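Trainee: here is a sequence with its predicted model. Questions after.
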Amino acid sequence: MKDSKRVRAIAFYLPQFHPTKENDEWWGKGFTEWTNVAKARPLFKGHYQPHIPADLGFYDLRLSESREAQAELAEKYGIEGFCYWHYWFGGGKRLLERPFTEVLSSGKPNFPFCLAWANHSWKKKLWDPNATFKDKLLVEQTYPGDEDIKAHFYTVLPAFKDKRYITINECPLFLIYAPLDYKEVSHFMEMWRKLAVQNGLKGIYFVGQGNMVHRKAILALGFNAFNDASVFGIQENKNDLYLVTRKIVARLFKYPISYRYADAMKYWVHSEAKFDDTIPTIIPNWDHSPRSGAKGVILTGATPQLFRKHVEEIINLIKDKKEEERIVFIKSWNEWGEGNYLEPDLQYGDGHLTAFRSVIESLKY
């Protein structure tokens, strides 16, 4: 019998932790996300860097044992499944697909999953702290048309039909990272929904991600739900002269922008999350400096105790929804290069995971 107060926690999952031909070409032989993580250093007094993984170590996602260990850990602490970032740049161009392809083909781990289409171009400035805005585009996100939409659908269809795929109201969940960047996204969703029915599915549950200010615009495009991913809502407070001045000074003196996690979390709670068409996001931590150096944005003091308070606030917003819609995304399971992860590290161990589990278990009868 299902728990009537079950929380459906889905954690975003980055498949960057293995070498690829493209990363070898762009960044040097053997580059993975761990390269940036391991070389990170403190940029100011009290800055916690580098972040070193604990229980799972510096894993390689080409290994089934690594993927299975992640799933076992997530399940132990109450995570329903992983939302794998999926890269389709148009014309069949894909990147970082190997870990999920092997999860799908092997049947291991036996752990729920869904996909999130990271429909954005890759630019050097996102990965290199010394890059300028003039530096080259690495991979461009394109939208070639209907034939590409069909090819994309049939590439994903085996995943949709897998018994592990996460569904909402019997429809596979599919998230789109930047829905407002895709002018024909409504047409895309219409085509996929028709193709889904033609291939024996009941439809597709589309989720559009964005900041809360874009909620109504994204839902108006035909999405089933909106996912609020406003990590930096604190920066969007234009009326706070202190925050604006702080941002300007940081850029002038080439100093990273930092905010207290305790202050930032106040901007992650929105009453709209109570609606069935809005899915909030839980954010355990953030420190982009391993990728961006002094250009990064950092949230300091992200302790398990504060995280527990944040989880409580978000769960209280959704606890009265119907079970199918009682969903929260976690950003993220393993974005180590952004200092944004739930996996155990040397500083707090499994503290964040324990804090999360303690909150969701308090809802059970």
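Mentor: Everything's here; your move.
Trainee: when you work out contacts or count neighbours from here on, use the C-alpha atoms and nothing else.
Mentor: Fine.
Trainee: C-alpha coordinates for the helix or strand that F206 is a member of, CSV please?
Mentor: Assigned by DSSP states H and E, F206 falls within strand 205-210. Output in CSV follows, covering the C-alpha atoms of strand 205-210 (Å, rounded to 0.1, in the frame of the first residue of the first chain):
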residue,chain,number,x,y,z
TYR,A,205,3.8,15.2,-19.0
PHE,A,206,5.9,18.2,-20.0
VAL,A,207,7.5,20.4,-17.4
GLY,A,208,9.0,23.7,-18.3
GLN,A,209,11.8,25.1,-16.1
GLY,A,210,12.5,28.7,-15.4
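Trainee: which parts of the helix or strand just after it are buried?
Mentor: Using DSSP H and E, the helix or strand that follows strand 205-210 in sequence is helix 215-219. The neighbour-count check on helix 215-219 (16 or more other Cα atoms under 10 Å) flags 215, 218-219 as buried.
Trainee: reformat those residues as CSV; add distance to N119 and pLDDT.
Mentor: Listed next are the buried residues of helix 215-219 as CSV, based on distance: Cα to Cα, whole Å; pLDDT from 0 to 100:
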residue, distance to N119, pLDDT
R215, 18, 97
I218, 15, 98
L219, 18, 98
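Trainee: now the helices for the stretch 1-150 of the chain?
Mentor: Counting by DSSP state H, counting those that start in this stretch, the stretch 1-150 of the chain has helices at residues 21-27, 33-39, 64-76, 98-106, 146-160.
Trainee: what's the average pLDDT for the longest one?
Mentor: Translated: helix 146-160. Per-residue pLDDT values over helix 146-160 give a mean of 98.
Trainee: residue ranges with poor pLDDT in the stretch 101-250 of the chain?
Mentor: 125-135, 237-239 (pLDDT under 70).
Trainee: ok, the most centrally placed residue in the chain to I282 distance?
Mentor: Taking Cα atoms, centre = their mean, the centroid of the chain lies closest to F12, which sits 3.7 Å from it. Between F12 and I282 the computed distance is 11 Å (Cα to Cα, to the nearest Å).
Trainee: who touches both of those two?
Mentor: Shared contacts of F12 and I282, defined by Cα atoms under 8 Å, 6 or more residues apart in numbering, comprise 329-331.
Trainee: closest to F89 out of these?
Mentor: F89 has its nearest neighbour among those in K331, at 22.6 Å by Cα to Cα.
Trainee: other residues contacting stretch 350-360?
Mentor: Outside stretch 350-360, the residues that touch it by Cα under 8 Å, 6+ apart are 6-7, 77-78, 284, 303-305, 307-308, 311-312, 315, 342-344.
Trainee: could you pull out the strands in the stretch 201-350 of the chain for me?
Mentor: For the stretch 201-350 of the chain, the strands defined by DSSP state E, counting those that start in this stretch occupy 205-210, 225-228, 257-260, 278-279, 281-282, 286-287, 297-300, 327-330, 334-335, 340-341.
Trainee: just to revisit the earlier point, list the helices and strands the strand holding F206 packs on?
Mentor: strand 171-176, helix 215-219, strand 225-228 (3 or more Cα pairs under 8 Å, 6 or more residues apart in numbering; DSSP states H and E).
Trainee: partners of it in the sheet?
Mentor: For strand 205-210, the paired strands and their directions (DSSP bridges) are strand 171-176 (parallel), strand 225-228 (parallel).
Trainee: can I get the ones you listed in CSV with distance to K29 and mean neighbour count?
Mentor: Output for the strands paired with strand 205-210, formatted as CSV (distance: least, Cα to Cα, whole Å; neighbours: other Cα atoms under 10 Å):
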stretch, distance to K29, mean neighbour count
strand 171-176, 31, 22
strand 225-228, 36, 25
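Trainee: turn these into a markdown table, columns for distance to I248.
Mentor: Shown next, in a markdown table, are the strands paired with strand 205-210 (distance: least, Cα to Cα, whole Å):
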| stretch | distance to I248 |
| --- | --- |
| strand 171-176 | 32 |
| strand 225-228 | 26 |
